[in-house]
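Undergrad: Here's a sequence, model it:
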Amino acid sequence: MMISYLVEFLLILLLIIVNTTLSAYIPQFSPSFGKQIMKENASKKSLDKSKQESSPPLDSQLSPTENQDLSQIKKYLSVFGYLQQNVESFDDVLDKETISAIITYQQNFNLKVTGNINDEFLEHIAFPRCGIPDMNLNHGHDTLNVSWPNGNKWFPKGTKNLSYFIPESEFTLEAMAVLRNALSRWSKITKVMNFTETPYDDADIKFGFYNSNDKIEDVVVGFSLIILQQSSKRKLGVIGFDNIREWVLPSEYLWSWKFDLESEAMHQIGHLLGLDHSYDEESVMYPTILPSQQRRVQITASDNQNIQQIYTQSNPTSAHIKSFGFTRSSSVLASSFLLGFVFLFLFN
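TA: Now for the predicted structure:
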């Protein structure tokens, strides 16, 4: 069994080595991006207040404005699908493309739409969140054989059961029960998929922790990926939780700096079942962990409706959220960001 884990790890490591030419595209966020953004919040107050409160047409934004450290915000907007730019072009200029990306973000999250970097916007992007982009996902397996979840097309059509593996070396018995309960809740409420626990080698879905190695911004707490095994052409789902976080169980008190394991599990399982992010704050698929809603585990009526729509379509895809095509440069960026996680599952 140990050999199997080692082989899979070496395959992932090999992908990283083979694609070192893409290393220049991997977003190098500061290890404390969220905290940095909050500090910059104060400095942004020096901007013209009329710009903070008004929403001028994009056509009037003809003269780019330079703002210190805007490049970090551009990286955030690009990584999460709002800004279609190559990472090499990130600068501190507030151009029309960035203003448009900010407006889309504000619209999606029901913030005041200004197109400006105001306090509300800065506070929101500093909240912890899922690592999967909100839009413009790279759905292909043509690069690196790794992608974000692609609806339920990653497993054969008509599949009614997915197997999973939870490593005892990674999770306590109580935590393992929480993950099983999350899978069971999705199965019982939506009735679209059953889940069976199996050994590592047979599992369709594998849970584990990853080490970000400070190569991604610290707002991300978890993610899910699809890995295409070249030898068998089989696709596997991976759910990873950030190893540096302090995760709590449903029975434990949830402090502001701790994270609810069940909530993140529900969210990532939803991705593997085919759901994209929802901007309904009550939804388990809401991408951001709000201070007022750190624990979100109940599948809402809209969540169920969205997943039923996916599984009743003749050509299933996650259709409840707007999706756009990827350019080549943004595809490279998304694929490189996947490697930026450098997830290390420490199975024994």
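Undergrad: What lies in contact with stretch 241-252?
TA: Applying C-beta atoms under 8 Å, 6 or more residues apart in numbering, the set of residues contacting stretch 241-252 from outside is 174-175, 178, 207-212, 220-222, 254-255, 257-262, 264, 295, 297. (C-beta placed from N, C-alpha, C; glycine too.)
Undergrad: In CSV, list the C-alpha atoms belonging to that stretch.
TA: Provided in CSV are the C-alpha atoms of stretch 241-252 (Å, rounded to 0.1, in the frame of the first residue of the first chain):
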residue,chain,number,x,y,z
PHE,A,241,-7.8,20.8,3.2
ASP,A,242,-5.1,23.4,4.1
ASN,A,243,-2.7,21.7,6.6
ILE,A,244,-1.8,25.0,8.3
ARG,A,245,-5.4,25.7,9.4
GLU,A,246,-6.9,24.7,12.6
TRP,A,247,-10.0,22.6,11.8
VAL,A,248,-12.8,22.0,14.2
LEU,A,249,-15.6,19.4,14.5
PRO,A,250,-19.3,20.1,14.7
SER,A,251,-19.2,19.6,18.5
GLU,A,252,-16.4,22.1,19.0
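Undergrad: Any buried residues in that stretch, and which?
TA: By 16 or more other C-beta atoms under 10 Å, the buried positions in stretch 241-252 come out as 241-243, 245, 247-248.
Undergrad: Filter the contacts of stretch 241-252 down to just the ones in helices.
TA: Among the contacts of stretch 241-252, the residues falling in helices (DSSP state H) are 174-175, 178, 261-262, 264.
Undergrad: Below-threshold pLDDT in the stretch 151-300 of the chain: ranges please.
TA: Residue ranges of the stretch 151-300 of the chain with pLDDT under 70: 213-217.
Undergrad: can you do 50?
TA: 215 (pLDDT under 50).
Undergrad: residues in contact with stretch 158-176?
TA: Residues from elsewhere that reach stretch 158-176 (C-beta under 8 Å, 6+ apart): 152, 155, 179-180, 183, 193-200, 202-209, 237, 247, 249, 261, 272, 345-348.
Undergrad: which one of the buried residues of stretch 241-252 is nearest residue 278?
TA: residue 241 (20.6 Å; C-beta to C-beta).
Undergrad: Okay, that closest one and residue 151: tell me how far apart.
TA: Counting by C-beta to C-beta, to the nearest Å, the gap from residue 241 to residue 151 is 23 Å.
Undergrad: Then residue 209?
TA: 26 Å.
Undergrad: and the two most separated of the buried residues of stretch 241-252?
TA: 243 and 248 (15.0 Å).
Undergrad: how about stretch 118-137 as PDB, C-alpha atoms only?
TA: Below are the C-alpha coordinates for stretch 118-137, written out as PDB (Å, rounded to 0.1, in the frame of the first residue of the first chain):
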ATOM      1  CA  ASN A 118     -13.200  50.600  -1.700                       C
ATOM      2  CA  ASP A 119     -13.300  49.400   1.900                       C
ATOM      3  CA  GLU A 120     -16.100  46.900   1.300                       C
ATOM      4  CA  PHE A 121     -14.300  45.300  -1.600                       C
ATOM      5  CA  LEU A 122     -11.000  45.000   0.200                       C
ATOM      6  CA  GLU A 123     -12.600  43.500   3.200                       C
ATOM      7  CA  HIS A 124     -14.400  40.900   1.100                       C
ATOM      8  CA  ILE A 125     -11.400  39.600  -0.800                       C
ATOM      9  CA  ALA A 126      -9.500  39.200   2.500                       C
ATOM     10  CA  PHE A 127     -12.100  36.700   3.700                       C
ATOM     11  CA  PRO A 128     -11.000  33.000   3.700                       C
ATOM     12  CA  ARG A 129     -12.400  31.100   0.700                       C
ATOM     13  CA  CYS A 130     -12.400  28.100  -1.600                       C
ATOM     14  CA  GLY A 131      -9.400  27.800  -3.900                       C
ATOM     15  CA  ILE A 132     -11.500  27.100  -7.000                       C
ATOM     16  CA  PRO A 133     -12.200  30.000  -9.300                       C
ATOM     17  CA  ASP A 134     -15.600  31.600  -9.400                       C
ATOM     18  CA  MET A 135     -15.700  31.800 -13.200                       C
ATOM     19  CA  ASN A 136     -13.600  31.000 -16.200                       C
ATOM     20  CA  LEU A 137     -12.500  27.600 -15.000                       C
END
